[in-house]
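[1] Need the 3D shape of this:
(2 chains, ligands or ions: 1)
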Amino acid sequence: MFLINCPFCGEREQSEFKAGGEAHIVRPKQPTELSDDQWAEYLFMRKNIKGIQFERWNHIHGCRKWFNMVRDTSNDEIKAVYKMGEKPPVK
Amino acid sequence: MLNYSNVIQNDKSYPGLQMREIKPVMKLIIRGKKRQFLSAVGKSLNLLLPNEANTSSRSDQLTALWLSPDEWMIFSNEILKTDDNNYNVEKLLNRNICKTNLGAVTDVTDQFVLINLKGDKIFDLFETGSPFNFNDFKSKKGLVTQTILTKIDIIVHNQDINDVNLFVRRSFSDHLFSWMNDSASRL
Ligand SMILES: [Zn+2]
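    Numbering: from 1, shown residues only, chains lettered A, B, ... in the order given. Next up, the predicted model:
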């Protein structure tokens, strides 16, 4: 069990949240000009880092808002949470 | 409302805890972001929507609960007549919010069941099945939270000290109420 600081509601227990995969993936501007391999790369391929990872989370049993999180996947330490559209506060 | 059937049949009472369904009560979900939306709602209802997270506001007739930065629930403080399901508040908001493209209004009167709890054992009951930390919550009148109770989504409104409103989706309400009774009998 760990606590997540929802940028809207404050600190809540992890079971109120749902992980939404890797953050900051940019949709290609001209999908029609991509090869199938490039499109598959965008659509399916995700990082699976041991260490600092940038993720999207949803406060699904609370305000139902999406937000971003910087998390160390090796020890579940949350480095930062920030709203959608904001720049990551740490590198 | 015209064919209104109860989900929760009987009021229940335990040492330090009374639980009953309150109905019929008008419930609306309103959504919007713009400043004009907030002021239009305020003028229409004579009630300022709470801006601060996890809080509520109240007028003589209505209570507004903060659910998210762009979502509120509005419910009537008084019990309504059962021969009619047209609400002036909804009509007014439809005219001033929906027609002007400022936001959305959804009638959730029959979607949510309102269970009122009274007594000093309310939060002892919640703590048997919710991950939410009620320590600060229980002593502050007017606070609101959405959380889970025995894995069911609920909205909790701390109406007054030892007086709490709980909103649950109708399809979950029968199960939740029987779980609450089971849990309350073991407190
Ligand atoms: Zn939240």
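[2] show me where chain B has helices.
    Per DSSP state H, chain B carries helices over the ranges B:35-45, B:88-93, B:122-126, B:170-184.
[3] what's the answer for chain A, then?
    When assigned using DSSP H, the helices of chain A occupy the ranges A:36-44.
[4] looking at the helices of chain B, which is closest to B:Asp160?
    Go through the helices of chain B one by one with Cβ to Cβ and the one that ends up closest to B:Asp160 is helix B:122-126, at 11.1 Å. For glycine as for every other residue, the C-beta is placed from the backbone atoms N, C-alpha and C.
[5] Measure how buried residue 70 is and give me the count.
    Going with chain A. A count of neighbours around A:Val70, defined by other Cβ atoms under 10 Å in any protein chain shown, yields 19.
[6] nope, chain B please
    Close neighbours of B:Asp70, defined as other Cβ under 10 Å, add up to 16.
[7] which ones are touching the closest residue to it other than its chain neighbours?
    Nearest residue to B:Asp70, sequence neighbours excluded (Cβ to Cβ, 6 or more residues apart in numbering or on different chains): B:Lys33, at 4.8 Å. For B:Lys33, the set of contacting residues under the criterion of Cβ atoms under 8 Å, 6 or more residues apart in numbering or on different chains consists of B:69-70, B:103.
[8] Pull the distance from stretch B:113-123 to the chain's centre.
    Relative to its chain's centre, stretch B:113-123 lies at 12 Å (Cα atoms, centre = their mean, to the nearest Å).
[9] Domain ranges for chain B, per the record?
    Structural domains of chain B, as assigned by automatic domain parsing, span the residue ranges B:20-110, B:111-187.
[10] quick one on the thing from earlier: the helices of chain B: which one's closest to the ion?
    helix B:122-126 (18.4 Å; Cβ to the ion).
[11] can you tell if the closest one touches chain A?
    No: applying Cβ under 8 Å from any Cβ of the partner chain, one finds helix B:122-126 separated from chain A by no less than 13.1 Å.
[12] Write out the residues of chain B neighbouring chain A.
    Applying the criterion Cβ under 8 Å from any Cβ, the portion of chain B that neighbours chain A consists of B:53-54, B:67-69, B:71, B:131-133, B:145-148, B:153.
[13] do that again at 7 Å, thanks
    Contacts of chain B with chain A, taken as Cβ under 7 Å from any Cβ of the partner chain, map to B:53-54, B:67-69, B:131, B:146-148, B:153.
[14] ok, back up a step: just put the helices of chain B in a markdown table and tack on distance to B:Gly16 and mean pLDDT.
    Compiled in a markdown table, the helices of chain B are given as follows (distance: least, Cβ to Cβ, whole Å; pLDDT from 0 to 100):
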| stretch | distance to B:Gly16 | mean pLDDT |
| --- | --- | --- |
| helix B:35-45 | 35 | 95 |
| helix B:88-93 | 35 | 94 |
| helix B:122-126 | 8 | 98 |
| helix B:170-184 | 9 | 95 |
